[in-house]
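Visitor: Provide a 3D model corresponding to the input given below.
(one chain, ligands or ions: 1)
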Amino acid sequence: MAPSLEGVSSSEVNLEDVLTLANKPFNVKLNNKHISWNYKKKQPFSNKEKKNWTCKNKVPIEEVIAVEYVERASKQTEDGDMEMVSLNSSIFRLHIIKRAPKYVWRMKAVELHCSNSAQCALWVDTIRSLLEKYTNRPKSLLVFINPYGGKRKAKKIFDEKVAAIFDLAGITSHVIITERADHAKEYIQSRDLNRYDGIVCVGGDGMFAELLNGVINLHNTRMRVDLDDCNSRLMQPPMRIGVIPAGSTDTVAYCTTGINDAVTSALHIVVGDSMAIDVCSVRNGLTGKLIRFCVSMLGYGFYGDVLRDSENLRWMGPVRYDYSGFRTFLKNRSYDAMISYLPSQSLQDNHHPGLEDGLRCYSGCQVCKSASLLDLNGSLSLDPSAISDTACSLTPTTPELDVDDISVMYKTLSTSMTNISIASRPMSTLSGVSPRIRGKRLLGSLLLSIHFFLAVNDTACIMHSFCINALTISCKCSTVPEGVSPACHLGDGSTDLVLVYDASRFNYLRHLIRITTKTSSQFDFGFVDVMRVKAFKVRVPAQGSTDSSQVSTSFHRLENVEKTTPLPVSSWNCDGEIIEEPNIDVRVHCQLVKLFARGIESYPTKMKQCAPNCISCDGIL
Ligand SMILES: Nc1ncnc2c1ncn2[C@@H]1O[C@H](COP(=O)(O)OP(=O)(O)OP(=O)(O)O)[C@@H](O)[C@H]1O
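Guide: Model (predicted):
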C-alpha cells in the first residue's frame, strides 16, 4: 500500500500503512504525538501467541529512542560463501522505552518490514524529523566519570551500559575521567561549554553536587551576579545536568527517576527529559560568604558526625556509612544550636512534610508548578522596602513573599522572635513567627531514667541527641525507600527542616528505624519536629566555649545549663561534603538547576508489563 503522508513540515503528520511485524500484517499509524501498531486482521494469532502479547502498541514520540535501518549486510554467493553487500533496506527498527517495575526503564526494539525501500525511507525520515521537531534532546554531552565513587565501577558502568545507548541516540560524548576531587568543578569553570547541550556525571551525589556547584558558579559569574551577596537573585543556568548513578547512596537519582539504575538514567538523558529542582545556598553565618550549594541533605549533629567518621573509612566502600552510623549512634552526642527560620507558605492544604497523607511529589507535580509561578511573580514584584514592611505580619496564610532580601526579613522578624525551650513547647504550636529554638541539655526525669536504664555505666549521661537536618529532596535511597522526608518536593522552593532533640539512644533508634521502614511516620515523636521553610539560620556557641550566650548578644537570655564542660561542636554534612563552619545561613532558590529527569512517575505498583517473549518487540526486561 502506498504511504499516505500529509506533509512532515506541516503541523500535523499523519502516516498510515500496513507493515509486517513478526510475519503478521499490522496497521501502523504515526502522528505528531504517537506511533501505534495494531493487528490488521481480527484473529491473526493463536491463543498461545496472544498470551505472550501484552504490549500496548502505542508509544509517545518522545519515548522513541531512535529509528534505524536494518541493513541486510550479507548475501550468499553462487559458491555458497557469504558476501558482504550493501542493500537499500526495506526494514526499519524502532527503539522504544519500556517500563519495568520499580521505575526501571529499558529499551525494546520493534522491527517493521516495509514493502519496498522507498516506503521504509519515508517512515524513517518522518520519524526522525518528528524526533527533531518535538523533542529537546541533547546531541553533545560532557561526561565526567569518577573512578573512585561507590564501588569504583563508574567507568565499567559507563562503558558497558551507557555508551551504547548514547551512540544509538546519536549523542556524541566527550568523556573525562576525574583525577581528583574538584577536578570536574574546576574544568567546568575554566572552559567554554557552549558546544555541549548538557553535562553528565557518572558517580554519586558528591560528584553531582560538584557539577551543580560548577554550573551555578559559572553561569552566575558570567551574568555578573555577586554570589557572596545574600540579596542576589541567582540565575538558572541553561545547561542541564544528568547523573548516571555509580555512587554509594545515589539519592539524586532515586529522587528524580525513582531508582538508581544506570540504564534508566541514561534513557532519561537521551529522550531529553527536563525538570528544574530547588537548590540551597549555604553561607558562612559570620561572614556572609557563600560556602557552597546544596541539593539533597544538609545535616548537623548525627549526619555531620557520620560523614566525618566515614571519610577516613572510604576504603570500605558504601558499607562505611552503616559502620560509621553505628559508631556515631553509640556515641549519641548532643550539640547546642539556635535556629531561626522563615516558614514556607502552604501551597495546598496537605502541603506539609509532617502529614502522612501529605501531597507526594511525582512527575508533573502541581505543587512544584505553582511554586515556580509564584517565584516568577515574586521576582517581578521585587521591592526590598515592600518586604520589610510586610515581613512582620508574615503568617502561613499571607501571600507568598519573595525572600530575596532575606537579611531585611530576618532583621524585621527578630522583633517578634521568641526564645523557647523545644522540650517545653512543640514547634507545631508555633505559627506565623520565626522562632529560635535551642536544644535543651537537661533531660526530663523520664528520659533520664530511660537513659540510665540503657546506658548503665555511662556516667556522663550526655546522651542528648540533637540533630538538624534540612532535606531539599526527599533523600530516598536503597536503605530509605520512602526518603528521610517522604513528602518533600523537588521544586516547591522550600526545604524540610527536621529537628531531633533530647532523644535517648532508644528513642533515636526508634526514629531511625521508622526512617528506614515504611511502618509509620518518623516525625510522629515528641522529640522530633518538622517544618517546611524557605530559609534558616543556625548559630552555635563558639568552639570550646562553656557559655552558649557567646553565640550572639541577641541570644544572651538563653540559659546555659552546663557551664563547666566545653560545649562540643559538630560539622555540617552538605551533600556528602564536610562544612567545618557550624554557623550558617541557608536559603532555598526555587528550581535553580535543570536536570535530565522528569521526577518519579506515578503508576500502579503491579503494572502490566511486556512479557520477555513478547512477539511485538524483542523483550529484554
Ligand atoms: N579521581 C578522584 N579521586 C578522588 N576523589 C574524587 C575523584 N573524582 C571525584 N572525586 C570526589 O569524590 C567524591 C565522592 O564521589 P561520589 O559522590 O561519586 O561517590 P560516593 O561518595 O561513593 O557516592 P554518594 O555521594 O552517592 O554517597 C566527590 O565529592 C568528588 O569530588
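Visitor: what does the stretch 451-600 of the chain put close to the ligand?
Guide: Taking Cβ under 6 Å from any ligand atom as the measure of proximity, the stretch 451-600 of the chain contacts the ligand at Gly576. The C-beta positions use only the backbone N, C-alpha and C, and glycine is treated the same way.
Visitor: how about the helices in the stretch 451-600 of the chain?
Guide: 505-516 (DSSP state H, counting those that start in this stretch).
Visitor: any idea which element Leu307 lies in?
Guide: Leu307 belongs to helix 302-311 when assigned by DSSP states H and E.
Visitor: pick out the residue of the stretch 301-450 of the chain closest to the ligand.
Guide: Pro318 (6.5 Å; Cβ to the nearest ligand atom).
Visitor: again, but for the stretch 51-200 of the chain
Guide: The stretch 51-200 of the chain approaches the ligand most closely through Gly149 (2.5 Å), counting by Cβ to the nearest ligand atom.
Visitor: for the residue in the stretch 201-350 of the chain that the ligand sits nearest to, what are its contacts?
Guide: When scored by Cβ to the nearest ligand atom, the stretch 201-350 of the chain has Gly204 as its residue closest to the ligand, at 2.2 Å. By Cβ atoms under 8 Å, 6 or more residues apart in numbering, Gly204 lies in contact with 146, 149-150, 245-250, 576.
Visitor: mind checking which of those residues land in strands?
Guide: Under the assignment DSSP state E, the contacts of Gly204 contribute Pro245 to strands.
Visitor: let's have the contacts of Gly204 in a markdown table, adding distance to Gly491 and pLDDT.
Guide: As requested, the contacts of Gly204 are exported to a markdown table (distance: Cβ to Cβ, whole Å; pLDDT from 0 to 100):
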| residue | distance to Gly491 | pLDDT |
| --- | --- | --- |
| Asn146 | 26 | 96 |
| Gly149 | 26 | 82 |
| Gly150 | 27 | 81 |
| Pro245 | 20 | 97 |
| Ala246 | 25 | 95 |
| Gly247 | 22 | 91 |
| Ser248 | 25 | 86 |
| Thr249 | 21 | 88 |
| Asp250 | 20 | 94 |
| Gly576 | 21 | 87 |
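Visitor: ok, so of the contacts of Gly204, who is nearest Lys518?
Guide: Thr249 (18.7 Å; Cβ to Cβ).
Visitor: related to what we said a few turns ago, what's near enough to touch the residue of the stretch 301-450 of the chain closest to the ligand?
Guide: 150-151, 248-249.
Visitor: now these in JSON lines, with neighbour count?
Guide: Shown next, in JSON lines, are the contacts of Pro318 (neighbours: other Cβ atoms under 10 Å):
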{"residue": "Gly150", "neighbour count": "22"}
{"residue": "Lys151", "neighbour count": "12"}
{"residue": "Ser248", "neighbour count": "23"}
{"residue": "Thr249", "neighbour count": "25"}
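Visitor: tell me the two of these that are most distant?
Guide: Lys151 and Thr249 (12.2 Å).
Visitor: for the stretch 201-350 of the chain, which spans come out with low pLDDT?
Guide: The model of the stretch 201-350 of the chain has pLDDT under 70 over residues 346-350.
Visitor: quick one, helices of it?
Guide: Using DSSP H, counting those that start in this stretch, helices in the stretch 201-350 of the chain cover 205-222, 251-257, 262-270, 302-311, 319-331.
Visitor: select, out of these, the one closest to Leu112.
Guide: Using Cβ to Cβ, the nearest of the helices of the stretch 201-350 of the chain to Leu112 is helix 262-270, at 20.9 Å.
Visitor: anything in the closest one near the ligand?
Guide: No. On the criterion Cβ under 6 Å from any ligand atom, helix 262-270 is out of touch with the ligand, staying 13.0 Å away.
Visitor: quick one: contacts of that helix?
Guide: 65, 97, 103-107, 137-138, 141, 157-158, 161-162, 165-166, 168-169, 171, 198, 200, 202, 242-246, 253, 257-258, 596-598.
Visitor: at 6 Å instead, please
Guide: 65, 104-105, 157, 161-162, 165, 169, 242, 244, 253, 257, 596-597 (Cβ atoms under 6 Å, 6 or more residues apart in numbering).
Visitor: export it to PDB, keeping only CA atoms.
Guide: The C-alpha trace of helix 262-270 is given here as PDB (Å, rounded to 0.1, in the frame of the first residue of the first chain):
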ATOM      1  CA  ALA A 262      22.300   3.500  35.100                       C
ATOM      2  CA  VAL A 263      20.300   2.400  32.000                       C
ATOM      3  CA  THR A 264      17.200   4.200  33.300                       C
ATOM      4  CA  SER A 265      19.100   7.400  33.900                       C
ATOM      5  CA  ALA A 266      20.800   7.200  30.500                       C
ATOM      6  CA  LEU A 267      17.400   6.800  28.800                       C
ATOM      7  CA  HIS A 268      16.000   9.800  30.700                       C
ATOM      8  CA  ILE A 269      19.000  11.700  29.300                       C
ATOM      9  CA  VAL A 270      18.700  10.600  25.700                       C
END
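Visitor: what about the residue of the stretch 51-200 of the chain closest to the ligand, neighbour count?
Guide: Counted with other Cβ atoms under 10 Å, residues neighbouring Gly149 total 23.
Visitor: for stretch 106-119, could you pull out the residues that count as buried?
Guide: 106-114, 119 (16 or more other Cβ atoms under 10 Å).
Visitor: what parts of this structure come near the ligand?
Guide: Counting by Cβ under 6 Å from any ligand atom, the residues of the chain near the ligand are 146-150, 178-183, 203-207, 210, 247-250, 576.
Visitor: next, count neighbours for the closest residue to Cys368 other than its chain neighbours.
Guide: Closest residue in space to Cys368, ignoring its immediate chain neighbours: Gly491 at 3.7 Å, by Cβ to Cβ, 6 or more residues apart in numbering. Applying other Cβ under 10 Å, we find 24 other residues in the vicinity of Gly491.
Visitor: from here on, count from 322
Guide: Noted, 322 is the first residue going forward, which turns the last one into Gly812.
Visitor: how far away is Phe917 from the ligand?
Guide: 17 Å (Cβ to the nearest ligand atom, to the nearest Å).
Visitor: just the strands from the stretch 822-942 of the chain, written as ranges.
Guide: Assigned by DSSP state E, counting those that start in this stretch, the stretch 822-942 of the chain shows strands spanning 849-860, 893-895, 898-900, 905-916.
Visitor: what's the most buried one of these?
Guide: strand 893-895 (a mean of 27; mean count of other Cβ atoms under 10 Å).
Visitor: tell me what that strand is packed against?
Guide: Under the contact definition 3 or more Cβ pairs under 6 Å, 6 or more residues apart in numbering; DSSP states H and E, strand 893-895 sits against strand 618-621, helix 623-632.
Visitor: need the residues that contact that strand.
Guide: 615, 619-621, 624-625, 628, 900.
Visitor: Cys615 contacts Gly897, doesn't it?
Guide: No. In this structure, Cys615 is not within contact of Gly897 by Cβ atoms under 6 Å, at 9.9 Å.
Visitor: okay, domains of the chain per the record?
Guide: 335-455, 626-667+683-889 (automatic domain parsing).
Visitor: nearest to Val391 among the buried residues of stretch 427-440?
Guide: Glu432 (6.2 Å).
Visitor: quick check: closest non-adjacent residue to the closest one.
Guide: Nearest to Glu432 is Arg414, by Cβ to Cβ, 6+ apart, at 5.0 Å.
Visitor: let me see the contact set for that neighbour.
Guide: Counted by Cβ under 6 Å, 6+ apart, Arg414 has contacts 389, 391, 430, 432.
Visitor: could you dump those residues into TSV and include secondary structure?
Guide: Shown next, in TSV, are the contacts of Arg414 (DSSP: H, G, I helix; E, B strand; the rest coil):
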residue	secondary structure
Glu389	strand
Val391	coil
Ala430	strand
Glu432	strand
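Visitor: just give me the closest of those residues to Asn353.
Guide: Glu389 (21.1 Å).
Visitor: how much space between the closest residue in space to that closest one that isn't next to it in sequence and Trp444?
Guide: Leaving aside its sequence neighbours, Glu389 sits nearest to Arg414 (Cβ to Cβ, 6+ apart; 5.4 Å). Using Cβ to Cβ, to the nearest Å, we find Arg414 at a distance of 11 Å from Trp444.
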